[in-house]
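[1] how would this look folded up:
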Amino acid sequence: MIKGIALGVAGLAAALTTALPVTAQEAVKIGLILPMTGPFASTGRQVSAGAKAYMAAKGDTVAGKKIELVIRDDGGVADQTRRIAQELVVNDGAKVLAGFGLTPLAMAVAPVATQAKIPTVVMAAGTAAITKASPFITRTSGTLPQYSMPVGTWASQNGIKKVVTLVSDYGPGIDAEKWFSKEFKAKGGEVVEAVRVPLQNPDFAPFLQRVRDAKPDAVFVFLPSGVGALFMKQFSDRGLPEAGIKLIATGDVTDDDILNSMGKPAIGTITGHFYATAHESPENKAYVEVFKKVNNDMRPNFMSVGGYDGMALIYNALEKTKGDATGPAFMEAVKGLSWTSPRGPVSIDPDTRDIIQNIYIREVKDVGGELQNVEIQTFANLKDPEKAEAK
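    Presented below is the predicted three-dimensional model:
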């Protein structure tokens with residue numbers, strides 16, 4: 001199947017070279033594949049909004065090439081993601097693939113990226129192994145090991161001795177569980193139970209009861225972006241705060257897109273992540289302003305910055321190649337790229353094609369009547385620890 005795809009792409013490339021006028025060849029189409037509908041639609045909405053904000057701020061031309069965004073909805077279904085990727089490459093002439101709201105969706109496209117030699121920019125999915133799946137994949141979001149490990153450090157430094165972990169049972173959750181636990185245990189902490197919740201599970205109550213029964217000092221949580229509000233309600237309803245159990249988590253749980261809807265139960269939650277709307281910098285102030293202007297006053301979250309920086313990576317790589325979007329040239333240009341993001345300084349690890357970035361420990365606070373993830377500690381210039389350990 002994939003071999004046929006590769007042959008189709010090669011044939012199409014030859015046809016384009018001889019048949020299309022020069023003006024048509026100047027456009028670089030970016031196929032943005034995201035879950036715009038379904039349970040993970042907030043991810044697609046935020047990533048696409050971030051990409052549009054970048055183009056609004058920087059224009060639609062780079063290195064003499066016009067940039068065209070072609071947005072496709074995969075509904076969060078891996079088979080759909082793979083089919084759409086194939087169609088974008090073979091039928092639509094996309095030169096770059098981007099987006100990918102969940103790990104299974106990014107993994108589904110890896111064979112297409114490899115066979116077609118097409119640059120693929122992961123803007124959301126966070127399992128560490130994704131960039132290993134194809135030499136044509138790079139990433140501008142982050143990895144779960146990267147922002148779970150510092151939460152373990154913080155917990156050990158702040159009087160937490162016993163923890164239950166509660167994570168969604170798929171790649172990112174397993175990464176989060178592993179790297180939080182590894183760091184927390186190395187610093188003398190005890191993980192008394194590891195709870196895994198089915199990805200499609202709508203009811204956290206029985207799992208939270210297990211947490212309460214274990215009587216830990218805290219529960220460490222990873223859930224995919226968008227479901228934190230339901231979790232927070234059930235966390236409160238089950239009486240865990242009254243039982244003295246602190247909530248610590250990755251920033252996916254207190255996603256800025258839905259944080260205000262969580263209300264008082266969210267206040268005091270400690271999370272680790274690479275971006276918050278409240279991040280204080282001139283670059284972020286400008287970003288939030290243009291993002292809200294372009295997207296009907298929507299509040300940007302970390303997924304949006306993955307989209308924004310994904311476009312920054314594409315523009316910077318094309319500048320470096322003088323507009324050459326072919327896979328080998330583009331991916332060589334990606335290695336070592338650096339820029340100042342709304343989240344802070346970032347760069348692309350030349351060895352892994354993953355992002356190097358600051359990870360912030362944040363506390364949910366009421367700031368002027370709005371809930372915000374307020375940064376209280378910074379872990380600077382972190383690489384993905386899983387790949388660093390493997391070297």
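[2] Any stretches of the stretch 251-391 of the chain with poor pLDDT?
    Scanning the stretch 251-391 of the chain with the threshold set as pLDDT under 70 gives 391.
[3] Show me the strands in it, by range?
    For the stretch 251-391 of the chain, applying DSSP state E, counting those that start in this stretch gives strands covering 270-273, 338-341, 344-348, 355-367, 370-382.
[4] and the ones you listed, which is most packed in?
    Of all the strands of the stretch 251-391 of the chain, strand 270-273 has the most neighbours on average by mean count of other CB atoms under 10 Å, namely a mean of 26. No exception for glycine: its C-beta is placed from N, CA and C like everyone else's.
[5] and I118, backbone torsions?
    With angles defined as degrees, to the nearest 10, I118 sits at phi -110, psi 130.
[6] I'd like to know which of the strands of the stretch 251-391 of the chain is closest to G142.
    strand 355-367 (6.2 Å; CB to CB).
[7] E283 - how many residues pack around it?
    Using other CB atoms under 10 Å, E283 has 15 neighbouring residues.
[8] How about the contacts made by it?
    Taking CB atoms under 8 Å, 6 or more residues apart in numbering, we find E283 in contact with T340, S341, P342.
[9] you'd agree the last one is up against Y308?
    Which is P342. Yes - P342 is in contact with Y308 according to CB atoms under 8 Å; the separation is 6.7 Å.
[10] Name the residues contacting each of the two.
    Joint contacts of P342 and Y308 (CB under 8 Å, 6+ apart) are Y287.
[11] So which of the two has more stuff around it?
    Set P342 next to Y308 and count neighbours by other CB under 10 Å: Y308 wins out with 31 against 26.
[12] Check which helix or strand the residue nearest to the more buried one when sequence neighbours are not counted maps to.
    In this structure, Y308 finds its nearest non-sequential neighbour in G50, 3.9 Å apart by CB to CB, 6 or more residues apart in numbering. Element membership for G50 (DSSP states H and E) is helix 41-58.
[13] ok, the residue nearest to Y308 - how many residues close by?
    Considering only other CB under 10 Å, G50 is surrounded by 29 other residues.
[14] That one and P202: what is the separation?
    28 Å (CB to CB, to the nearest Å).
[15] Kindly report the same for F180.
    F180 is 24 Å from P202, by CB to CB.
[16] neighbour-wise, which of the two wins?
    Using other CB under 10 Å as the criterion, F180 and P202 rank with F180 on top: 32 against 8.
[17] give the contact list for the more buried one.
    Contacts of F180 (CB under 8 Å, 6+ apart): S148, M149, V151, G152, T165, F220.
[18] So which of these are in strands?
    T165, F220 (DSSP state E).
[19] With pLDDT added, can I get the contacts of F180 in JSON lines?
    Below are the contacts of F180 laid out as JSON lines (pLDDT from 0 to 100):
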{"residue": "S148", "pLDDT": "98"}
{"residue": "M149", "pLDDT": "98"}
{"residue": "V151", "pLDDT": "98"}
{"residue": "G152", "pLDDT": "98"}
{"residue": "T165", "pLDDT": "98"}
{"residue": "F220", "pLDDT": "98"}
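[20] And the furthest pair within the contacts of F180?
    Farthest pair in these, by CB to CB: M149 and T165, 13.2 Å.
[21] that older thread, what would the strands of the stretch 251-391 of the chain look like in a markdown table with distance to G323?
    As requested, those are arranged in a markdown table below (distance: least, CB to CB, whole Å):
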| stretch | distance to G323 |
| --- | --- |
| strand 270-273 | 34 |
| strand 338-341 | 19 |
| strand 344-348 | 19 |
| strand 355-367 | 24 |
| strand 370-382 | 30 |
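[22] Now do the contacts for G50.
    By CB under 8 Å, 6+ apart, the neighbours of G50 are M123, F291, P300, M303, S304, V305, G306, G307, Y308, D309, G310, M311.
[23] Then S156?
    Applying CB under 8 Å, 6+ apart, the residues near S156 are E183, F184, K187, G188, G189.
[24] Domain-wise, how is this structure divided?
    2-142+281-353, 145-273+358-390 (automatic domain parsing).
[25] of the contacts of G50, buried ones?
    With burial judged by 16 or more other CB atoms under 10 Å, the buried subset of the contacts of G50 is M123, F291, P300, M303, S304, V305, G306, G307, Y308, D309, G310, M311.
[26] Generate a markdown table for those residues, with distance to E370 as supplementary columns.
    Formatted as a markdown table, the buried ones among the contacts of G50 follow (distance: CB to CB, whole Å):
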| residue | distance to E370 |
| --- | --- |
| M123 | 26 |
| F291 | 16 |
| P300 | 14 |
| M303 | 19 |
| S304 | 17 |
| V305 | 19 |
| G306 | 22 |
| G307 | 23 |
| Y308 | 21 |
| D309 | 24 |
| G310 | 27 |
| M311 | 27 |
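[27] which one of the residues you listed sits closest to A229?
    M303 (15.4 Å).
[28] check contacts around the nearest residue to the closest one once chain neighbours are set aside.
    Nearest non-adjacent residue to M303, counting by CB to CB, 6+ apart: Q46, 3.9 Å away. For Q46, the contacting residues are S225, D257, M298, P300, N301, M303, S304, G307, by CB under 8 Å, 6+ apart.
[29] can you map out the helices along the protein?
    2-19, 22-25, 41-58, 78-90, 103-116, 144-157, 171-186, 205-214, 228-237, 282-294, 302-321, 327-334, 385-390 (DSSP state H).
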